[in-house]
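*Asks:* need coordinates for the below:
(one chain, ligands or ions: 3)
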Amino acid sequence: MTLKFSLAQAAPETVDSPCIIVGLYEDRVLTSAAARLDEATGGGIKRLVASGDITGKAGSTTLLFNLSGVTAARVLVVGLGDSKKFDAAAFHRAANESARALKGLPVASATSWLTEVDVPGRDAAWKLRTAALAADLQAYRYTATFKPKDNARAVHLESIAFAGDGQDRALVEADAIAGGVRFARELGNLPPNICNPAWIAAQAKTFADAHDGVSCEVLERDDMQALGMGSLLGVAQGSANPPKLAVLQWNGAGNGVKPYALVGKGITFDTGGISIKPSAGMEEMKFDMCGAAGVLGAFVAAVELRLPINLVCVVAAVENMPDGNSYRPSDVLTSMSGLTIEVLNTDAEGRLILCDALTYVQKFEPQVIIDAATLTGACVVALGKHASGLMTKDDELADQLLAAGNATHDRAWRLPLWDDYQGQLDSGFADVANIGGKYAGAITAGCFLARFTNGYRWAHLDVAGTAWDEGRKGLATGRPVPLLVQYLIDRSA
Ligand code: BES
Ligand code: MN
Ligand code: ZN
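*Replies:* Ligands and ions are numbered 1, 2, ... in the order given. Next up is the predicted model:
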């Protein structure tokens, strides 16, 4: 369950809430909420600043209890840093740090005045959406396969109110995005023995059954054989878990309007296959279905918002395993498009399932196709954990996607998709090879996909670095759900 969001109109000193959140700048400038508390407490805030107990240092949080003259039992003061340098990134940080502090407290609800501070270039809706999404992101906890022993770390927070007037639409959007993000995170975090291709397909079906106007079709191995999806099936053939292709449709714009299409890489576990990966860190490859989770999460949010667009979401769910029946390096696969592919590395499997999904989705005559995939380690080397890699030949589509990412702090960075790179994919035995050598690995992967999307407005998001936090306790982030949903909201306007 996501947090419940609402708007607060009461004054900070008199609001009846177990915890209120106010911002404080570093240079002793009080935000207007902090100034009101200062007045109500007879100078209490300024005294704490003078004594050095609260500093306003960017990202810091201090909890004050039972201030006389203030109704709320707790005041969480969040540092905003230098008032002259305060910007969108600083707001984002303050929103996340205050939410992180909040989730450790024994309170079920809170009220935040963070949203009243001015952020250059950003409007009230942006502030609300950013604060609400940060709160929900921090409040999420994974509990599907264990009972957290540490009761002190349980999250009690159920609802949060934000200072703001007439911003109901922003909260509705934030709520839908948060729901999509949670959907994606939960799928990503589940272990691959549970979240296998059949599980992903079942999630899609369950969602469709529970929502009016949503249809779902799941293609089985036989169906894929009949369609000639030799590339996807090549990857799938080494796994005991049969592949599934889930197709969700939302008809928010009525018949005859071309849909937007989302396509996701759903490798439920990527061992590398016969080109097997090293064991260290291989457990992170349970997240190799995060592209699929991301497009499903975006679809869920779009339906929740009942966006007036037509949307089709295709998820290719496959496991990549070494086995006596596995595909091998030097195999030549025939894709649904008719192009033949020489497999030079069975670990470059994502593009092999995506190419058939991208060909399949064209039967819906989409006006735009966007795929999301944890496609290459090279993208993580290039951009790290902060930006998703965006590749498209369409400048307008690129600008729209980059803008949506900036608006939701789910940022992408464009890499070139020039045909100059295509030569790296030449093969002496097939139309194309599935790897492009050691240089520009993220781009050559994009170039491979480009060969299957000719004539369409298409963009590729490589979310290998952004879809989860690395390390043993790293969780799925839900990216690129915010970017995709914002893009679709913008198209609905
Ligand atoms: N799922 C991986 C990409 C990946 C690696 C994502 C590490 C996140 C972290 C993908 O299937 C893969 O193995 N790609 C190979 C491609 C190579 C064989 C051309 C890679 O990036 O090493
Ligand atoms: Mn791989
Ligand atoms: Zn992979």
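*Asks:* apart from its neighbours in sequence, what residue is nearest the residue in the stretch 51-200 of the chain that ligand 1 sits nearest to?
*Replies:* Going by Cβ to the nearest ligand atom, ligand 1 is nearest to Gly188 of the stretch 51-200 of the chain, at 12.2 Å. (C-beta placed from N, C-alpha, C; glycine too.) Of all residues beyond its chain neighbours, the one nearest Gly188 is Ala476 (2.9 Å), with distances taken as Cβ to Cβ, 6 or more residues apart in numbering.
*Asks:* what comes up buried for the helix ranked longest in the chain?
*Replies:* Taking DSSP state H as the criterion, the chain has its longest helix at helix 168-189. Under the neighbour-count criterion of 16 or more other Cβ atoms under 10 Å, helix 168-189 has 170-171, 173-189 buried.
*Asks:* just the pLDDT for whichever residue of the stretch 301-450 of the chain sits closest to ligand 3.
*Replies:* Taking Cβ to the ion as the measure, the point where the stretch 301-450 of the chain comes nearest ligand 3 is Gly350, at 4.4 Å. Here the pLDDT value assigned to Gly350 is 99.
*Asks:* any idea how far it lies from Val218?
*Replies:* In this structure, Gly350 lies at 20 Å from Val218, with Cβ to Cβ, to the nearest Å as the measure.
*Asks:* out of these two, which sits in the more crowded spot?
*Replies:* Remark: of Gly350 and Val218, Gly350 carries more neighbours, 29 against 20, as counted by other Cβ atoms under 10 Å.
*Asks:* thought the more buried one was touching Ile267?
*Replies:* Yes: using Cβ atoms under 8 Å, Gly350 is in contact with Ile267, at 6.1 Å.
*Asks:* please enumerate the shared neighbours of those two.
*Replies:* Both Gly350 and Ile267 are in contact with Asp288, Thr374, where contact means Cβ atoms under 8 Å, 6 or more residues apart in numbering.
*Asks:* run a quick neighbour tally on the spatially closest residue to Leu417 that is not a sequence neighbour.
*Replies:* Distances taken as Cβ to Cβ, 6+ apart place Met391 nearest to Leu417, at 4.6 Å, with adjacent residues excluded. When neighbours are counted by other Cβ under 10 Å, Met391 registers 25.
*Asks:* and the helices in this protein?
*Replies:* With DSSP H, the ranges of helices along the chain come out as 32-40, 44-50, 88-103, 124-139, 168-189, 197-210, 221-227, 230-236, 290-304, 350-361, 377-383, 395-407, 441-450, 481-492.
*Asks:* looking at the ones you listed, which is buried most?
*Replies:* Ranked by mean neighbour count, the helices of the chain are led by helix 290-304 with a mean of 30 (mean count of other Cβ atoms under 10 Å).
*Asks:* any residue of that helix touching ligand 2?
*Replies:* No: Helix 290-304 lies apart from ligand 2 when judged by Cβ under 5 Å from the ion; the minimum separation is 12.5 Å.
*Asks:* from the chain's centroid, how far away is that helix?
*Replies:* Between the mean C-alpha location of helix 290-304 and the chain-wide mean there is a distance of 9 Å, by Cα atoms, centre = their mean, to the nearest Å.
*Asks:* other SSEs contacting it?
*Replies:* On a contact count with 3 or more Cβ pairs under 8 Å, 6 or more residues apart in numbering; DSSP states H and E, helix 290-304 meets helix 168-189, helix 197-210, strand 244-251, strand 260-270, strand 310-320, strand 368-373, helix 481-492.
*Asks:* the inter-axis angle of that helix versus strand 260-270?
*Replies:* For the pair helix 290-304 and strand 260-270, the angle between their directions (axes from the mean of the first three to the mean of the last three Cα atoms, to 10 degrees) equals 140 degrees.
*Asks:* output helix 290-304 as CSV, nothing but the C-alphas.
*Replies:* What follows is helix 290-304, C-alpha atoms only, in CSV (Å, rounded to 0.1, in the frame of the first residue of the first chain):
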residue,chain,number,x,y,z
CYS,A,290,13.3,-4.4,-14.1
GLY,A,291,12.6,-3.0,-17.5
ALA,A,292,9.5,-5.2,-17.7
ALA,A,293,8.6,-4.2,-14.1
GLY,A,294,9.1,-0.6,-15.1
VAL,A,295,6.8,-0.6,-18.2
LEU,A,296,4.2,-2.6,-16.2
GLY,A,297,4.4,-0.1,-13.3
ALA,A,298,3.9,2.8,-15.8
PHE,A,299,1.0,1.0,-17.4
VAL,A,300,-0.6,0.5,-13.9
ALA,A,301,-0.2,4.2,-13.2
ALA,A,302,-1.6,5.3,-16.6
VAL,A,303,-4.7,3.1,-16.0
GLU,A,304,-5.0,4.4,-12.4
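*Asks:* which ones are touching the residue lying closest to Ala246 once chain neighbours are set aside?
*Replies:* Of all residues not flanking Ala246 in the chain, Ala204 sits nearest, at 4.0 Å (Cβ to Cβ, 6+ apart). Applying Cβ under 8 Å, 6+ apart, we find Ala204 in contact with Cys216, Val218, Ala246, Leu248, Leu296, Cys313, Val315.
*Asks:* in contact with the second one, which residues?
*Replies:* To tie it back to what came earlier, the one meant is Val218. Taking Cβ under 8 Å, 6+ apart, one finds Ala201, Ala204, Lys205, Lys244, Leu245, Ala246, Val247 in contact with Val218.
*Asks:* can stretch 290-303 be found next to ligand 1?
*Replies:* No: using Cβ under 6 Å from any ligand atom, stretch 290-303 never reaches ligand 1; the gap is at least 9.0 Å.
*Asks:* anything in that stretch near ligand 3?
*Replies:* No: for stretch 290-303, no contact with ligand 3 is found by Cβ under 5 Å from the ion; the gap never falls below 9.4 Å.
*Asks:* and that stretch, average pLDDT?
*Replies:* Mean pLDDT, stretch 290-303: 99.
*Asks:* one step back: gap between the residue nearest to Gly188 and Leu190?
*Replies:* Taken as Cβ to Cβ, the spacing of Ala476 relative to Leu190 amounts to 9 Å.
*Asks:* so for the two, which sits in the more crowded spot?
*Replies:* When neighbours are counted by other Cβ under 10 Å, Ala476 comes out ahead of the other of Ala476 and Leu190, with 26 against 22.
*Asks:* who's the more buried one bridged to?
*Replies:* Beta-bridge partners of Ala476, counted by DSSP bridges, are Trp468.
*Asks:* return the nearest residue of the protein with respect to ligand 2.
*Replies:* Using Cβ to the ion, the closest approach of the chain to ligand 2 is made by Asp347 at 3.8 Å.
*Asks:* hmm, that residue is touching Lys277, no?
*Replies:* Yes: counting by Cβ under 8 Å, Lys277 is a contact partner of Asp347 at 6.4 Å.
*Asks:* count the neighbours of the residue lying closest to Asp331 once chain neighbours are set aside for me.
*Replies:* With Cβ to Cβ, 6+ apart as the measure, Val343 is the residue that lies nearest to Asp331, at 4.6 Å, once sequence neighbours are left out. Each residue near Val343 was counted by other Cβ under 10 Å, and the total is 27.
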